[in-house]
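> Whatever this is, show me its structure:
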Amino acid sequence: MIKYRWVILSLLLFATTINYADRFLLGLLKDTLMNELDFTEQQYGKVVAAFQFAYGIGNLAMGFLIDRLGTKMGYLISIVVWSLSSITHAFASSWVHLRISRFFLGLGQAGNFPSAVKSVAEWFPKKERAFATGIFNGGSQLGIIIAGFIIPVVLLKYGWQACFFVTGLLSLIWIVLWLINYKLPENHKKVDHEELAYIQSDQDFSPASAENKISHLQLIKHRETWAVVVGKLLADPVWWFYIFWGASFLNKKFGINIDEIALPLVVIYVTAYAGGIFFGGMSSRLIKKGISVNRSRKVTLLACAIVVLPVMFATQVDNGWVAIAFIALAAAGHTGWANNVFTLSSDIFPGQAVGRVVGLGGAASTFASALAAVGVGSLLQGAPVEGYVIPFIVAAMGYIVALGIIQLLVPNIQSINTQKFRK
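This next block holds a predicted model:
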């Protein structure tokens, strides 16, 4: 009999897949939309920045909402908002309209990761969380791969507007499944005593303690919060860069068109998914061998940071597949990094704070990403190939810098009990 926590994890994977298919549409349709709606690289950068600015605001709001209302309702509200916002893209008649739709898409999509990370903390013991996070976070690759196959077909047959309706049906299916299946494990009829004991075997996550309110002010006073923030702040803008500019870079540098993009996307994002699972499983395996959480997470983060470094040469090679290989390796390092940084929040913080810690990290990283998007748009205006050099160098170095700061902030990763927040 399948343990029910894996059913819940499959729903998190499904939602994350829809989430990334929705957000990747803009990057995939970038050149088509620029021609159809007549806007520039700088204006495209502002459209991307609108999404990311809203995503930052949404991380703060959604993290609070999810901790207050619970995972079930918080996640439901998030996906309803982002699905409706995605559909409104089909009615855009200018880059300004597109910018407004992206803003509301960002608000809704911000709830995905705080909800999913908190769900993992509710349903998995600490020794399995990084691996479980790697599984659901794989939706960020699956969504892109699926979009890469489906959207070019829809675009050529029905036009770009139809592309924004594709995920609507999937969202509706997910909503029905979520309402039917999600409850806390201790209240779920399909969770037996053996599985419940295993889920609760090594965790200090206690949803029932939510009455012990922890304020945002209390959270930001602790350097552990800032370790999670830095882990996302210096890495997430890189991922956004790959999503919103990756397909366009391959087109501008190597002439890979939208009807040829599916295979490169498969190579990049299957590698990214494999990397996420491998590096997520790596820290989990080390913990199961008796190595401390602190050492397990940091050794894994270091390995992720190292495999990212070659991407700085993506703009310097003449063979498109070599560049694709560099990007794929970097994407694998990023997903492994993200899985372990997400898991830090539940390693360190009590259950009633996890959603907001993830939200704070997401907010900081997406505000930075919004500024980076404007900067990239400016670099590419008038320099469609040469302008990519600096972004790829920054993409290579950010993780090593982030790990150094994390080590300074949190020399030893360990759980904080609720009482510490009263000090």
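> For Ala110, list the residues it contacts.
54-59, 61-62, 78, 359, 362-363, 366 (Cβ atoms under 8 Å, 6 or more residues apart in numbering). Placement of C-beta: from N, CA and C, glycine included.
> Save those residues as JSON lines, and put in distance to Asp22 and pLDDT too.
Output for these, formatted as JSON lines (distance: Cβ to Cβ, whole Å; pLDDT from 0 to 100):
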{"residue": "Ala54", "distance to Asp22": "14", "pLDDT": "88"}
{"residue": "Tyr55", "distance to Asp22": "12", "pLDDT": "83"}
{"residue": "Gly56", "distance to Asp22": "18", "pLDDT": "79"}
{"residue": "Ile57", "distance to Asp22": "18", "pLDDT": "84"}
{"residue": "Gly58", "distance to Asp22": "14", "pLDDT": "83"}
{"residue": "Asn59", "distance to Asp22": "17", "pLDDT": "76"}
{"residue": "Ala61", "distance to Asp22": "19", "pLDDT": "81"}
{"residue": "Met62", "distance to Asp22": "16", "pLDDT": "78"}
{"residue": "Ser78", "distance to Asp22": "12", "pLDDT": "90"}
{"residue": "Gly359", "distance to Asp22": "19", "pLDDT": "74"}
{"residue": "Gly362", "distance to Asp22": "16", "pLDDT": "76"}
{"residue": "Ala363", "distance to Asp22": "20", "pLDDT": "79"}
{"residue": "Thr366", "distance to Asp22": "16", "pLDDT": "78"}
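> Any idea how far whichever strand or helix holds Leu329 is from the middle of the chain?
Per DSSP states H and E: Leu329 is located in helix 320-348. Distance, stretch centre to chain centre, for helix 320-348: 10 Å (Cα atoms, centre = their mean, to the nearest Å).
> leaving aside the residues next to it on the chain, what's closest to Phe254?
In space, not counting the residues next to it along the chain, Phe254 is nearest to Gly320; the distance is 3.5 Å by Cβ to Cβ, 6 or more residues apart in numbering.
> If I look at that neighbour, what pLDDT would I see?
Here the pLDDT value assigned to Gly320 is 93.
> for Gln203, same thing?
Gln203 is assigned a pLDDT of 58 by the prediction.
> Return the residues in contact with Ala303.
279, 282, 333, 336.
> mind giving me TSV with those residues and columns for distance to Asp236?
Below are the contacts of Ala303 laid out as TSV (distance: Cβ to Cβ, whole Å):
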residue	distance to Asp236
Phe279	16
Met282	21
Gly333	13
Gly336	14
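> ok, of the residues you listed, which one's closest to Leu33?
Using Cβ to Cβ, Gly333 is the member of the contacts of Ala303 that lies nearest Leu33, at 30.0 Å.
> so the closest one sits right up against Tyr399, yeah?
Yes. Contact criterion Cβ atoms under 8 Å: Gly333 and Tyr399 qualify, at 6.9 Å.
> hey, what's in contact with both of the two?
Residues within reach of Gly333 and of Tyr399 at once, by Cβ under 8 Å, 6+ apart, are 304-305, 308.
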